[in-house]
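1. return a 3D structure for these sequence lines:
(one chain, ligands or ions: 4)
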Amino acid sequence: MENKKTAIIGTPCHMTAAAKMDMFTDYLGESSLDIKIGLFCMENFSYSYMKQLLEKYGYDMKDIIECRVEKNYLWFYLTEERMFKIPLKEARSCMRKNCQICMDFSSEQSDISVGSVGSSEGWSTVIIRTEKGLKLLEDAEKDEYIITKPLEESGLKILERLASKKKKENKVEITKREHSGRPVLYRRYIPQEIFQDEVRECQFEDLKCDVVDVGSCVLCGACLLACPEDIVKIEDRKPQIKGKCPEGCNLCYMACPRTYIPEGEPTKDADKKPLGDYLKILTAQAPMIKGQDGGVATALLNYALSQKMVDEVVVVDKSKEHPWKPEAKLTNNLAEVLSAAGTKYSACPIFKSLKDGQSKEEA
Ligand SMILES: Cc1cc2nc3c(=O)[nH]c(=O)nc-3n(C[C@H](O)[C@H](O)[C@H](O)COP(=O)(O)OP(=O)(O)OC[C@H]3O[C@@H](n4cnc5c(N)ncnc54)[C@H](O)[C@@H]3O)c2cc1C
Ligand code: SF4
Ligand code: SF4
Ligand code: SF4
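-> Ligands and ions are numbered 1, 2, ... in the order given. Next up, the predicted model:
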């Protein structure tokens, strides 16, 4: 895996984990993650709570083939033509607890962020944050994988308002939790020197106490990827260990996006900037792709892979047996990238796919 380059797509919490991997290469080893495409994300839903809610309406989760958030409703598709909707307000009772303390709407730590808010139907809003992201987008446009136009001022305003609302509301929840003995470590700003002291002796049991048991775990699988002993497993939608941690190892704690993040990344300022730092913002569409919105996320991954900018990509497809369940895949197959288009509104341990990829290579 050392020399391979990977593009990854994911929610803002996935991007934080990817950024931590870049930050701690001295401990976690070189990361293959080269291009990070982040999604906008207001919340994610718990599979089991949603299952119970749908039962109340007389539906079975296993019959749902697709899900869309539109105009304050969560739409469930039974077939392409048959669908029903639940008010988003009610669906939010199924929101994962970790999402209530999430301060990032627009994937502030990615190279390019993509979402629907701010753009008209069938288009995606795109925030370019790094030079690498800018080059990818410009090349993809030049080679006609996507078309772009400026984002309307009114769209930008809506986007900024929504991102600020998330920060404001979730800050209240963070403060509430911090005062009731449920620490939200990733939002405590501590200098580098203190950070090293704080995490030095933290092992999986600490990760369980500080993150999983207090409702902060985003189920990203970064702990599983970081574990050199391969003893972290995801079972019952939770990370668990099957074995004993050797003395001195703290890598899962270091990699987790919901333990401490040393000062500097992100900066305290990030809480005040609704969309974080960026170079450019626009609206785009990939006319040849049927995606959730403009198909831009899929088009960019497709372009990066076909132009050999990366060797493989991590995408999130539907599980074949349970279409509502997301399944992460590490792939170099363009057909698999195209088939993963569309949003799956449930948490997905995307970093597990990188571990599975490493294991395959070693076998
Ligand atoms: C949980 C969640 C909540 C979201 N909430 C909002 C929101 O509130 N407002 C908003 O504007 N946009 C939101 N989005 C983003 C939006 O749904 C679209 O993904 C985005 O606009 C890109 O559209 P597209 O047509 O360019 O993507 P597509 O071309 O359809 O590609 C979508 C990509 O997303 C990846 N993906 C799908 N589900 C997941 C998942 N669960 N985890 C990680 N990656 C995944 C797939 O691998 C695929 O590559 C959310 C996305 C997710 C996953
Ligand atoms: S914690 Fe929840 S709201 Fe935040 S990025 Fe992750 S899935 Fe989205
Ligand atoms: S061996 Fe290290 S990385 Fe693995 S669970 Fe234990 S402390 Fe975490
Ligand atoms: S405990 Fe593991 S799965 Fe949960 S957020 Fe941390 S790294 Fe991700």
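2. use CA for all of it now, contacts and neighbours both
-> Noted.
3. nearest spatial neighbour of L334, skipping sequence neighbours?
-> N302 (6.3 Å; Cα to Cα, 6 or more residues apart in numbering).
4. give me the neighbour count for the one you found.
-> 22 (other Cα atoms under 10 Å).
5. I'd guessed it sits against N333; true?
-> No: contact status for N302 versus N333: not in contact, 9.2 Å apart, counting by Cα atoms under 8 Å.
6. which one is whatever residue of the stretch 101-250 of the chain ends up closest to ligand 1 nearest to, not counting chain neighbours?
-> Across the stretch 101-250 of the chain, no residue is closer to ligand 1 than G115, which sits at 3.1 Å (Cα to the nearest ligand atom). Spatially, and ignoring its direct neighbours in sequence, G115 is nearest to F40 (4.9 Å; Cα to Cα, 6+ apart).
7. give me the element V316 is part of.
-> Assigned by DSSP states H and E, V316 belongs to strand 312-318.
8. ok, that strand near ligand 2 or not?
-> No: judged by Cα under 6 Å from any ligand atom, strand 312-318 stays clear of ligand 2, getting no closer than 13.3 Å.
9. what about the helix or strand K165 falls within, near ligand 2?
-> Assigned by DSSP H and E, K165 belongs to helix 153-179. No: contact of helix 153-179 with ligand 2 (Cα under 6 Å from any ligand atom) is absent, the minimum separation being 8.9 Å.
10. next, K20: secondary structure please.
-> Under DSSP: H, G, I helix; E, B strand; the rest coil, the three-state class of K20 is helix.
11. number of nearby residues for it?
-> Neighbours around K20, by other Cα under 10 Å: 22.
12. ok, now which ones touch it?
-> Residues near K20 by Cα atoms under 8 Å, 6 or more residues apart in numbering: A255, C256, P257, I261.
13. and the stretch 151-300 of the chain, which residues reach ligand 4?
-> Close to ligand 4, as judged by Cα under 6 Å from any ligand atom, the stretch 151-300 of the chain has residues 211-212, 217-223, 239, 256-258.
14. so how far is ligand 3 from the most far-flung residue of the chain relative to its centre?
-> Largest separation from the mean C-alpha position in the chain: E247, at 31.2 Å (Cα atoms, centre = their mean). Using Cα to the nearest ligand atom, to the nearest Å, one gets 8 Å for the distance from E247 to ligand 3.
15. tell me which parts of the chain are close to ligand 3?
-> Counting by Cα under 6 Å from any ligand atom, the residues of the chain that sit close to ligand 3 are 203-204, 226-229, 231-232, 245-246, 249-252.
16. out of the residues you listed, what pair is the most spread apart?
-> Farthest pair in the residues of the chain next to ligand 3 (Cα to Cα) is A226 and P246. Separation: 14.0 Å.
17. of these two, which one has the most company?
-> Applying other Cα under 10 Å to A226 and P246 shows that A226 carries more neighbours, namely 24 against 10.
18. could you list the contact residues of this structure toward ligand 2?
-> By Cα under 6 Å from any ligand atom, the residues of the chain that approach ligand 2 are T11, P12, C13, C41, M42, E43, N44, N98, C99, C102, V218.
19. is it possible to get TSV of those residues that adds pLDDT?
-> Converted to TSV, the residues of the chain next to ligand 2 look like this (pLDDT from 0 to 100):
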residue	pLDDT
T11	98
P12	97
C13	97
C41	97
M42	95
E43	94
N44	94
N98	96
C99	97
C102	96
V218	97
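20. and those as CSV, adding secondary structure and distance to K132?
-> Putting the residues of the chain next to ligand 2 into CSV (DSSP: H, G, I helix; E, B strand; the rest coil; distance: Cα to Cα, whole Å) gives the following:
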residue, secondary structure, distance to K132
T11, coil, 19
P12, helix, 18
C13, helix, 20
C41, coil, 22
M42, coil, 26
E43, coil, 28
N44, coil, 28
N98, helix, 30
C99, helix, 29
C102, coil, 26
V218, coil, 27
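21. just those residues now: which is nearest L151?
-> Proximity of the residues of the chain next to ligand 2 to L151 was ranked by Cα to Cα; the top entry is C41 with 18.9 Å.
22. for that closest one, give me phi and psi.
-> Torsion angles at C41 (phi, psi; degrees, to the nearest 10) stand at phi -160, psi 120.
23. before we move on, the earlier item: what's the local residue count around the residue of the stretch 101-250 of the chain closest to ligand 1?
-> When counting by other Cα under 10 Å, one arrives at 25 neighbours for G115.
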